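Visitor: no sequence on this one, just coordinates:
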């Protein structure tokens, strides 16, 4: 279960400030493992708005379906997250478990079950015994405090090797507001799959509709531009909650995502999501290298994204980076298989700023020793020039190591 | 460079018969490595027709472009294959190298360069010194014999752990004809990528157009239904040559793929391609398990193919199989991410005939010990019922082991 902390873990962990209207508590409910926190309750002030984006899987988990169904109401009073069991592929029982969890939380907080949001991560196909939340959630509701963000980030971990948090403070009008975020990344609980969960909280007074637009736009170049192994979980969930508590300090209530007063907030939200999603890549299973793929000169941004994803998900590119090999032949291969417009004779490729190929052939000035040296860096940037247009995009991933196979290929315990 | 023979290598290797009109010879040309054969020349009787299918990569190798350009002429007198250098991403030099190789072969055989077909596999981005073929091809043209099929299959290997051949004998009308095939699979020459090459020869008198149709249809459920790691080479090439020599023994000349007299031939060609492509999967880098994915009940065959490929290319599914773990949660995940119509609550999944999940949940009768035992088999079948329609498809792959990472992640030598 426990793995050494990723060598790519950030060295600076921010102090997480309080957010007016948000209280947190965690507990050991014994969902699957003993002696670790596995339940997080976030208690949200009345009036909190909510937005969410979810996995594109055609076989989503029961909590994903629960959240999707409630989202149009736009109101939240609680978030319940458990690790240890994903409540995915659990049929009718899974649906009943979400309803029961929401009921227990609603009773503890004197709100409607429709205002309770849920996320689960862990083993798939095992029924989640929601009665375990009975008692626990009432205790948590009582114990919740505005602090404890690191503990919350820890309770939602599975095989993550470090808790992931990010924070930003900006102004809406003349009033300071805060954004706090946490994420769990591409870890798994043996013998199960990676799931990405992320939760963002702010005291800014923003309508559910505007928050949804901001979140959808914010995810495009952050979480959606990160890949560990190309495998999409049944349970990926990103929820944003805006308590609106800053209104009491004079922040204007905003109901349109395009409102110019949201400019700094929009950028800060993007930064928090970018920070969290980079941490997810840094904690990719078995990762030893953080890999940034930049594609320039594609026919469109979308085309650049597809090419970058093809490179980022290529096992041959990822194993080459694990071997500190600037193997641009494999990059060419991955560009070629993306199916997007590309002309071999215009391609250029650079590793960490050192050009190794241009105009469809090896760069004659390329110095193997210099490149080999650059590949020892824990952060590898692969810049690919397509030479056809102005489309540009960026994707983050990590290398593919024997440790990844060990983590995911161990016998079912 | 050398790896132990795959535990999945076939135990029965067929005796390869002669094919009237085909002579073979191999040599050590020192393309990249010493003390191994790295050039194959197949000498083809005048009147030989040719068909080919190639990589869908947008950045194909120079030999792929050469073959594509010649194919409409439909005539072949020689095939030159080298290992050690892929002549891919080599720019103008690469094009010159193909022209020079064809010229040297044409001179040796007194034919036109337009009748010379080429394939190269090995390192990418290094110029191929075609002058190395000078002298060598003339010697080979003189030395070529109707035997030596195993030696030919060996000369085109890279990190393949065994040579791959298949043969079939059937009748067209009352005359017996033969099909011989060889392939090299998903091996690499450090530090380079996997490339699939396959060559099929027959003495049947079939027009180039008919042969092209048969080959295109034949590849759909054979080579196109095999994946090792989802990475498409710049150089994948399958060529078929029909010498027509059986006409002298009374075989009718056939110019339409739909000709009913080709029924047995069409099936035999499919069988040879299926045999070779299964051998490619059996020799996947680091493979310890041959994995057959069968998808039934999808909305169409195409949809079933996409779902099967999503499962076959999932690193989480492939590592689970390496760990002998019947992790159907990961199969659900891979079905869900395929983006094809699927209803979680109708899904059923079986490993080696043992049903583990049905109607969107764990099969209550499923016996963990029995499944664990079945997972020790070197051949694993995953059968997935989608429950929506009649679309069915089958894909072959292998597991993802630490050895795959070791083979592909070693430092550039």
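Guide: Received the coordinates, thanks. Keep in mind it's a predicted model, so treat the numbers as computed, not measured. Numbers count the residues shown, from 1 in each chain, chains lettered A, B, ... in the order given.
Visitor: phi, psi of the nearest residue to residue A:344 once chain neighbours are set aside?
Guide: Nearest non-adjacent residue to residue A:344, counting by CB to CB, 6 or more residues apart in numbering or on different chains: residue B:59, 4.2 Å away. Any C-beta I mention is one placed from the backbone N, CA and C, and that applies to glycine too. Main-chain torsions, residue B:59, degrees, to the nearest 10: phi -120, psi 60.
Visitor: contacting residues for residue B:59?
Guide: Residues in contact with residue B:59 (CB atoms under 8 Å, 6 or more residues apart in numbering or on different chains) are A:332, A:333, A:335, A:336, A:342, A:344, A:347, B:88, B:89, B:234.
Visitor: will you turn these into a markdown table that also has pLDDT?
Guide: Formatted as a markdown table, the contacts of residue B:59 follow (pLDDT from 0 to 100):
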| residue | pLDDT |
| --- | --- |
| A:332 | 90 |
| A:333 | 86 |
| A:335 | 93 |
| A:336 | 87 |
| A:342 | 90 |
| A:344 | 84 |
| A:347 | 93 |
| B:88 | 89 |
| B:89 | 87 |
| B:234 | 81 |
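Visitor: go through those residues and flag which are in helices.
Guide: Among the contacts of residue B:59, the members found in helices (DSSP state H) are A:332, A:333, A:335, A:336.
Visitor: out of those residues, who's nearest residue A:359?
Guide: residue A:332 (12.5 Å; CB to CB).
Visitor: spatially nearest residue to the closest one, not counting backbone neighbours?
Guide: Distances taken as CB to CB, 6+ apart place residue B:89 nearest to residue A:332, at 4.9 Å, with adjacent residues excluded.
Visitor: go on, residue A:385?
Guide: Per CB to CB, 6+ apart, closest to residue A:385 is residue A:348, 3.9 Å.
Visitor: again with residue A:223
Guide: Distances taken as CB to CB, 6+ apart place residue A:277 nearest to residue A:223, at 4.6 Å, with adjacent residues excluded.
Visitor: Provide a list of residues in contact with the residue of the stretch 51-200 of chain A found nearest chain B.
Guide: Nearest residue of the stretch 51-200 of chain A to chain B: residue A:124, at 3.0 Å (CB to the nearest CB). Contacts here follow CB under 8 Å, 6+ apart; on that basis residue A:124 touches A:86, A:88, A:89, A:192, A:193, A:234, B:329, B:330, B:332, B:333.
Visitor: what about the residue nearest to it when sequence neighbours are not counted, neighbour count?
Guide: Spatial nearest neighbour of residue A:124, chain neighbours left out: residue B:329 (3.0 Å); criterion: CB to CB, 6+ apart. By the criterion of other CB atoms under 10 Å in any protein chain shown, residue B:329 has 27 neighbours.
Visitor: surely residue B:329 and residue A:122 touch.
Guide: No: applying CB atoms under 8 Å as the test, residue B:329 and residue A:122 come out as separate, 10.1 Å apart.
Visitor: in what helix or strand does residue A:293 lie?
Guide: Secondary structure assignment for residue A:293, by DSSP states H and E: strand A:290-298.
Visitor: ditto for residue A:316
Guide: helix A:315-322.
Visitor: report the distance from that helix to the chain centre.
Guide: Here helix A:315-322 is found 23 Å from its chain centre; the criterion is CA atoms, centre = their mean, to the nearest Å.
Visitor: cool, and stretch A:69-81?
Guide: In terms of CA atoms, centre = their mean, the centre of stretch A:69-81 is found 19 Å from the chain centre.
Visitor: is that stretch positioned near chain B?
Guide: No: applying CB under 8 Å from any CB of the partner chain, one finds stretch A:69-81 separated from chain B by no less than 15.1 Å.
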